[in-house]
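sequence first, then the predicted structure, then my questions.
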Amino acid sequence: MADNNPESFSGQLSVLVVGLGLIGGSFARALRKSGFCRSVIGFDRQPSSIVKASELGIIDQGANSLSEGVSQADVIMLSVPMLAMEPLLKQLAGLELSGKMITDAGSCKGAFVKSALAAFQEIPAMLVPGHPIAGSEKSGVTAARDDLFVAHNVLLTPLSHTDALAVAVVKKLWEVCGARVSCMEVEHHDQVLALTSHLPHYLAFSLVDTLAGEPENQAIFRYAAGGFRDFTRIAGSDPVMWHDIALSNREAVLESIDTFSEGLNRLRTAIAKGDSSALSGIFERARSARNHFATLLSRRMYMASCKEKMQSLVAGPGGSLCGHLRVPGDKSISHRSIMLGALAEGTTVIDGFLEGEDAMATLQAFRNMGVVIEGPDNGRVVVHGVGMHGLKPSSEPLYLGNAGTAMRLMAGLMAAQSFDVTLTGDESLSGRPMKRVTQPLSHMGAGIETAEGGTPPLNIKGQCTLKGIHYDMPVASAQVQSCLLLAGMYARGTTSVKSPGIVRDHTNRMLAGFGYPVQVKDDTVSISGGGSLIATDIDVPADISSAAFFMVAASIAEGSDIVLTHVGINPTRAGVIEILKLMGADITLTNEQEVGGEPVADIRVKSAPLKGIEIPRALVPVAIDEFPVLFVAAACANGRTVLRGAEELRVKESDRIQSMADGLQILGVEAKPLADGMIIHGSKMSGGTVDSCGDHRIAMAFAVAALKSEGEIRILDCANVATSFPNFVMLAEQAGMTVSVEGSNE
Ligand code: S3P
């Protein structure tokens, strides 16, 4: 036979499928369609199923007996009900099997392995237990579909001595059927499946059976609405299969029923007592977990991530901007409002919360740790604080999507908890440097492990005693400073952080607003451990980082005159205004006021000719997120703009120096990337296709560039605009730009 590469088996293998029901039939059908195998043979104890399978073209040929089929096969797939597995395996044990690979599609791996042991006395190395997580309430060979496994998971549970090549071949067979294959321990598989598949099926069967026994059953079924139909669809599944699963995975199923009963009892008690806070907690947590679960699943799905990459923005040239615009809430403040609100005593009401994916990831993470959070509802979020020590362990790793701020700040908080936690993120976040926080946290006594290279996931140990340290930050980073201040609330003694440059100070301001004293002296911020936070209301101003896109847009598009309302102009964030003014922009602030400890204003921007400048280094940290769009301003300005001292841009959501230089060059602009900045010569811009590299701010910056380009700009991979500015396209259109979404990922 071919060598060790499963690819080289292409066109070589004969696969025998034993059991031509929905799963076996679909596997045979998909394999035939793929053309990967030499032949697909079918056997079933009901001869009529073999005949039907041949007629329907599901198999190449039928076998008259098990032994006949086995003698012709290289791979044997067992796809019979769980309780039929052991007699079948015993029959197989009496046949000549040398060199043949065996696998199965049974739902319970513990029982399957036990049956194999009973049949063979020791588990053959060529036996690869498997389970496709796919199905339908329909059964039988006539329900077989060649696409049943496409984009579905298949779990293989090889044992330590299972032959690696056999695993690779079985994996390959599932992959050619369109499935995603992963490996798992037998026991883990059974526990997970009991909860996610077996329990919901038994609940559906039991609900329908219980209601069918009620005297009112006629009326119940006649008037049953969509909820009943949705919930009970799977009660139409194959009774033999589910009977066998219940007995084969008995222990894990019983445990899952007990877990569910406890939950149902908690709900019953809350209803009986009229405890509306407990009820809201259950429903809010469930709804958001369900929604989050859906996003989380779809974000991790290969298909979906391809679709996201396919989501492009197309921005048309020309146009001017006018009117009043309110951009969404500040991302930095939104993250912090959830974190501090969750740890406070009492209820924090947040208005203007950013309903973007980054801030939502933080919100969900705290829900996963038991905090009851209502909303967001039109920007209003109500956080029922649990106090400094009230967080509960999450049963899952906390998935923080694209949000670097969430991960770095939460690293500090999580390092001080009594439980272990894992922080994970998407592809971009998983490549970002975390040593900048884990190193100083380790000096404080935290137990944190990163992946190789200092990137996420972060595995954080609970029950570590933290002690205050003094830390001299090598780079000016608000995230690092905030992380250490948050850890410092739990540390013995004082934690102080010195910064080499100005960084955004929302953490200090907000800690003070929550009644936790922070000392600021020159470039050093200090906090003493052991205090507590008192809930407070928060009005999140509009995000200056989002407003910046329209500030540049209105400056470069002739005839523009816009007012951006209620924008946060905290001096540690307002560098973009200074830089644009130095370039000649016409910007005026009105209605300046202080709201909840943060300065806000309405920002009026009229178009004006821009000129190239050397960007003062002191302004770099206070405009750090705005450089993508400032590069666009520079491309539209007269003369040369030079940015230095901004190496941080290389480790943001993308390498922002490279991503912007690449895109600008495609548009014909002379943009020279430097290790720590860029030199840009203002010039005409052509249209073209640029890649945002999955970075929200790069995507929006190029949409702004189109105002001055000669042709359309198509910007690839833009789904992440939703992380910070979910309604960007709508507001841009409203203001007078021409932007549309292509290949949206609904
Ligand atoms: C942020 C701080 C900045 C900024 C980021 C948000 C924050 O990062 O780039 O988008 O909310 O603290 P650094 O602190 O790493 O410069």
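Perfect, I can see it now. Note that the structure is a prediction, hence the values are computed from the model and not measured.

skipping adjacent residues, who's closest to the closest residue to the ligand within the stretch 201-350 of the chain in space?
Nearest residue of the stretch 201-350 of the chain to the ligand: Ser332, at 3.2 Å (C-beta to the nearest ligand atom). All C-beta atoms are positioned from the backbone trio N, CA, C, and that covers glycine. Nearest residue to Ser332 in three dimensions, chain neighbours excluded: His506, at 5.2 Å (C-beta to C-beta, 6 or more residues apart in numbering).

now for the protein, the helix or strand with the poorest mean pLDDT.
Ranked by mean pLDDT, DSSP states H and E, the helix or strand of the chain with the weakest confidence is helix 302-310, at a mean of 43.

which positions within the following helix or strand past it qualify as buried?
Going down the chain from helix 302-310, the next helix or strand is strand 312-316, by DSSP states H and E. Going by neighbour count (16 or more other C-beta atoms under 10 Å), the buried part of strand 312-316 is Ser312, Leu313, Val314, Ala315, Gly316.

from Thr572, how far off is the residue nearest to Ser332?
From His506 across to Thr572, the span is 8 Å (C-beta to C-beta, to the nearest Å).

then Gly316?
36 Å.

next one: Gly584
In terms of C-beta to C-beta, Gly584 sits 24 Å off from Thr572.

what do you get for Ile579?
Taken as C-beta to C-beta, the span from Ile579 to Thr572 is 14 Å.

more neighbours: the two, which one.
Under the criterion of other C-beta atoms under 10 Å, the comparison of Ile579 against Thr572 puts Ile579 first, with 25 against 15.

so the more buried one touches Ala618, yeah?
No. Distance between Ile579 and Ala618: 10.9 Å, which falls outside the contact criterion (C-beta atoms under 8 Å).

residues in contact with whichever residue of the stretch 51-200 of the chain sits closest to the ligand?
Of all residues in the stretch 51-200 of the chain, Arg180 sits closest to the ligand, at 32.9 Å by C-beta to the nearest ligand atom. For Arg180, the contacting residues are Ala151, His152, Asn153, Val154, Tyr302, by C-beta atoms under 8 Å, 6 or more residues apart in numbering.

what about the second one, how many neighbours?
As a burial measure, His152 scores 16 neighbours (other C-beta under 10 Å).

name all residues that make contact with it.
With C-beta under 8 Å, 6+ apart, His152 has these contacts: Pro132, Ile133, Ala134, Gly178, Ala179, Arg180.

kindly indicate whether the spatially closest residue to the fourth one that is not a sequence neighbour is helix, strand or coil.
Meaning Gly178. Nearest-residue entry for Gly178: Val150, 3.5 Å, with adjacent residues in sequence omitted and distances by C-beta to C-beta, 6+ apart. Here Val150 is recorded as coil under DSSP: H, G, I helix; E, B strand; the rest coil.

list the contacts for Leu486?
Contacts of Leu486 (C-beta under 8 Å, 6+ apart): Met339, Leu409, Gly412, Leu413, Thr507.

so which of those residues are in helices?
Met339, Leu409, Gly412, Leu413, Thr507 (DSSP state H).

which two from these end up farthest apart in space?
Leu413 and Thr507 (11.5 Å; C-beta to C-beta).

neighbour count: these two, which is higher?
Thr507 (28 against 24).

could you measure from that one over to Gly352?
Distance from Thr507 to Gly352, by C-beta to C-beta: 18 Å.

returning to what we had before: what is in contact with His506 and Thr572 at once?
Ala478.

tally of neighbours for the closest residue to Asn153 other than its chain neighbours?
Excluding its sequence neighbours, the residue lying closest to Asn153 (C-beta to C-beta, 6+ apart) is Ile133, at 4.7 Å. By other C-beta under 10 Å, 16 other residues sit near Ile133.

same check on Glu187?
14.

same check, this time on Gly178
With other C-beta under 10 Å as criterion, Gly178 counts 17.

on the pLDDT front, check it for me.
We have a pLDDT of 94 for Gly178.

what does Asp230 give?
For Asp230, pLDDT reads 83.

show the backbone phi and psi for it.
phi -60, psi -50 (degrees, to the nearest 10).

near the ligand, which residues of the stretch 251-400 of the chain are found?
Counting by C-beta under 6 Å from any ligand atom, the stretch 251-400 of the chain comes close to the ligand at Ser332.
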